[in-house]
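*Asks:* fold the following for me, if possible:
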Amino acid sequence: MAFQLAACAEMLWPEKPIHWRAARLKEMGFGVGLWNWPAWDLDALEKTGATFTIMNGYLQGRLADDEGADMLLHSARETAQVGKRLGVARLNLHGTGLGDHGLPIQQLNHVAPGMWLKARDTLNRICDMAEEEGVTFTLENLNLREHPGCPFNSTADVLSLVAAVDRPQLRINLDLYHTQIGEGDVIRHAQACLPWIGEVQVADNPGRCEPGTGEMNWQMIARALADMGYDGPVGMEAFAKGDPEVALDAFRAAFTL
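*Replies:* Residues are numbered from 1 along each chain as shown. Sure thing, here's the model as predicted:
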C-alpha cells in the first residue's frame with residue numbers, strides 16, 4: 001500500500017528560500033504543500049518541477065455573509081490562476097479568513113441557522129467557478145483551541161457542508177491533527193468523511209510535529225485508512241522537532257504499509 005505523500009514546505013527548513021524547500025521535497029520523493037502565495041517567487045517554484053498537492057485557495061473572504069462571500073469568490077478566482085500555473089491539485093478553504101497565527105480575522109462564537117444556508121450557497125458558487133477554471137477546492141476542519149471563533153470549524157461541520165454541496169469540485173481536507181484536538185475519534189471521523197476526502201493532513205499532538213513525537217498511533221491510523229480504501233494524498237502539515245529530513249523519514253515510515 002503506497003499513499004501519495006507530501007509535506008508543507010512552509011513549515012520545514014525556515015531558513016531556506018521556498019523554492020529550495022520545494023526542490024528538496026521533490027528530491028526526497030514528496031509532493032509539496034504551500035500556504036499563501038503573494039510573497040513567493042512563482043517563477044522559481046515553477047522551475048523546481050515539484051508536484052504541488054495543495055495550497056491556500058484564497059487570501060480573504062468568508063462563507064456565511066454576502067460581503068464576505070463576494071470577497072471570497074474574487075480572491076479564490078485570483079488564486080485559482082496561481083494554482084493552475086503551478087499545477088496545484090487542490091486549493092484549500094476555511095470557514096473564514098485567517099490572519100496572524102491562524103486567528104480568524106472575524107471571530108464568531110455562534111453560527112445562526114441562516115449562516116449554514118449561506119455557507120452552502122457560497123460553496124456552490126465556488127464550485128461553479130471551479131468548474132469554469134478546471135480546479136478543485138477543499139474545505140478544511142480546524143480546532144477551536146488554536147483557531148478560536150472560526151465558524152464551521154469541526155470535522156462534523158465540514159462534512160455536513162461538503163456532503164450537502166456534494167459536487168466533485170469541493171472535497172474535504174481532513175486534518176487529523178485538528179480532529180484529534182477538537183473531537184478525537186479520528187478513525188471514525190475518517191470513515192464518515194471518506195466519500196468526500198480530497199486530502200488527509202497529519203501532525204502529531206501535542207506539538208504539531210512529525211508522527212512519532214506525540215500521542216497518536218499513526219501506524220494504526222495509516223492501516224485504518226488503507227483498510228477503508230483510502231489511497232489518496234497524505235500531507236504532513238507539521239513542524240520538525242529536530243532535523244527536517246529525519247522528520248520526513250519518520251512520516252514516510254508511519255505511512256508505509
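*Asks:* mind checking the SS state of the spatially most central residue of the chain?
*Replies:* Geometric centre of the chain, nearest residue: Asn173, 4.7 Å, by Cα atoms, centre = their mean. Here Asn173 is strand, with the state taken from DSSP: H, G, I helix; E, B strand; the rest coil.
*Asks:* identify each buried residue in stretch 73-91, please.
*Replies:* Buried positions in stretch 73-91, judged by neighbour count with 16 or more other Cβ atoms under 10 Å: 73, 75-77, 79-80, 82-83, 86, 88-91. Glycine gets a C-beta too; all of them are placed from N, C-alpha and C.
*Asks:* for stretch 139-149, that is, sorry about that
*Replies:* Applying 16+ other Cβ under 10 Å to stretch 139-149 flags Leu139, Glu140, Asn141, Leu142, Asn143, His147, Gly149 as buried.
*Asks:* coming back round to it: next step: the buried residues of stretch 73-91 restricted to strands.
*Replies:* Using DSSP state E, Arg90, Leu91 are the members of these that sit in strands.
*Asks:* could the buried residues of stretch 73-91 go into a markdown table alongside pLDDT?
*Replies:* Below are the buried residues of stretch 73-91 laid out as a markdown table (pLDDT from 0 to 100):
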| residue | pLDDT |
| --- | --- |
| Leu73 | 98 |
| Ser75 | 96 |
| Ala76 | 97 |
| Arg77 | 98 |
| Thr79 | 97 |
| Ala80 | 98 |
| Val82 | 98 |
| Gly83 | 98 |
| Leu86 | 98 |
| Val88 | 98 |
| Ala89 | 97 |
| Arg90 | 98 |
| Leu91 | 98 |
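*Asks:* want to try JSON lines for the buried residues of stretch 73-91, with distance to Gln4 as columns?
*Replies:* Formatted as JSON lines, those follow (distance: Cβ to Cβ, whole Å):
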{"residue": "Leu73", "distance to Gln4": "29"}
{"residue": "Ser75", "distance to Gln4": "27"}
{"residue": "Ala76", "distance to Gln4": "24"}
{"residue": "Arg77", "distance to Gln4": "27"}
{"residue": "Thr79", "distance to Gln4": "22"}
{"residue": "Ala80", "distance to Gln4": "22"}
{"residue": "Val82", "distance to Gln4": "22"}
{"residue": "Gly83", "distance to Gln4": "18"}
{"residue": "Leu86", "distance to Gln4": "17"}
{"residue": "Val88", "distance to Gln4": "14"}
{"residue": "Ala89", "distance to Gln4": "9"}
{"residue": "Arg90", "distance to Gln4": "12"}
{"residue": "Leu91", "distance to Gln4": "17"}
